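# Starting from these lines, generate the structure:
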Amino acid sequence: MPHGPETEPREYHHRDLRNHLLELALVDLEHHGAHSLSLRSLASRCGVSKTAPYRHFPDRDALLGALMEVGWKDLYALLASAHRHASSPLEGLRAMGRGYVAFALMRSGMYRLLFSGEGKTLSSLKGCPEGSDSFGLLLDQVKRCQASGWKSSEKPETIALGFWALVHGVADLALENLAEHPESSDRLQYWSMILDTMTP
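Okay, the predicted model is just below:
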């Protein structure tokens, strides 16, 4: 016997409820931070029962883990494309650094989730290959630079880690406003320029 309007499950019309929940969570993440995320609140906004989201995310950590997977994939894609049109391997390396800083500034909620705060407690959920492969992209680019003669006698892993530390530090300074940028300049452009002065 088919369900009538009064008995039809509220989640019936949300055949893609998981993605709908993720879309709303991504918006909340950027506007209010990871601490604001609640499965019950998301369920209410989706117009489904409070228990419906738990079919897709057993708990809040599972939701945060899924968000992190989205973030790792997006960061990987950004870094993978950053150097494609560069005029040289070193310019490609700088482009990856600028892309990393841009990600931090344009998607600060996701950046914080991936690299600080609650994201630290979810390191075991970085099963998404892009999480670790983002560093692999950087390492490959360093090796291209070395093949062109730059720091060819040093270990590529050491150089890659040092470059990541540099870029991550610049991103944190910019994101947390720990150093002011001139009012006449765009924040991303300013910090990209700062980064370029420190890279070869």
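# and the gap between the residue most central in space within the chain and Leu22?
For the chain, the residue nearest the mean C-alpha position is Gly71 (3.5 Å; C-alpha atoms, centre = their mean). Distance of Gly71 to Leu22, computed by C-beta to C-beta, to the nearest Å: 11 Å. Heads up, the C-betas are built off the backbone N, CA and C, glycines and all.
# Need the residues touching each of the two.
Both Gly71 and Leu22 lack any common contact, where contact means C-beta atoms under 8 Å, 6 or more residues apart in numbering.
# Leaving out the residues flanking it, which one is nearest to the residue nearest to the centre of the chain?
With C-beta to C-beta, 6 or more residues apart in numbering as the criterion, Gly71 has its nearest non-adjacent residue at 4.4 Å, and that residue is Met110.
# how many other residues sit next to that neighbour?
23 (other C-beta atoms under 10 Å).
# what does Ala102 give?
Neighbour tally, Ala102, other C-beta under 10 Å: 17.
# Over to Pro58?
Residues near Pro58, counting by other C-beta under 10 Å: 11.
# Any buried residues in the helix or strand that contains Tyr190, and which?
Secondary-structure element containing Tyr190, defined by DSSP states H and E: helix 187-198. Under the neighbour-count criterion of 16 or more other C-beta atoms under 10 Å, helix 187-198 has Leu188, Tyr190, Trp191, Ser192, Leu195 buried.
# Can you list the buried residues in whichever helix or strand Asp172 is part of?
Asp172 is part of helix 156-175, with elements assigned from DSSP H and E. Going by neighbour count (16+ other C-beta under 10 Å), the buried part of helix 156-175 is 156, 159-160, 163-164, 167-168, 170-175.
# Next, format the residues you listed as CSV and append distance to Val48 and pLDDT.
Below are the buried residues of helix 156-175 laid out as CSV (distance: C-beta to C-beta, whole Å; pLDDT from 0 to 100):
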residue, distance to Val48, pLDDT
Pro156, 49, 97
Ile159, 50, 96
Ala160, 45, 95
Phe163, 45, 95
Trp164, 41, 94
Val167, 41, 95
His168, 39, 94
Val170, 42, 93
Ala171, 37, 94
Asp172, 38, 92
Leu173, 42, 91
Ala174, 39, 91
Leu175, 34, 90
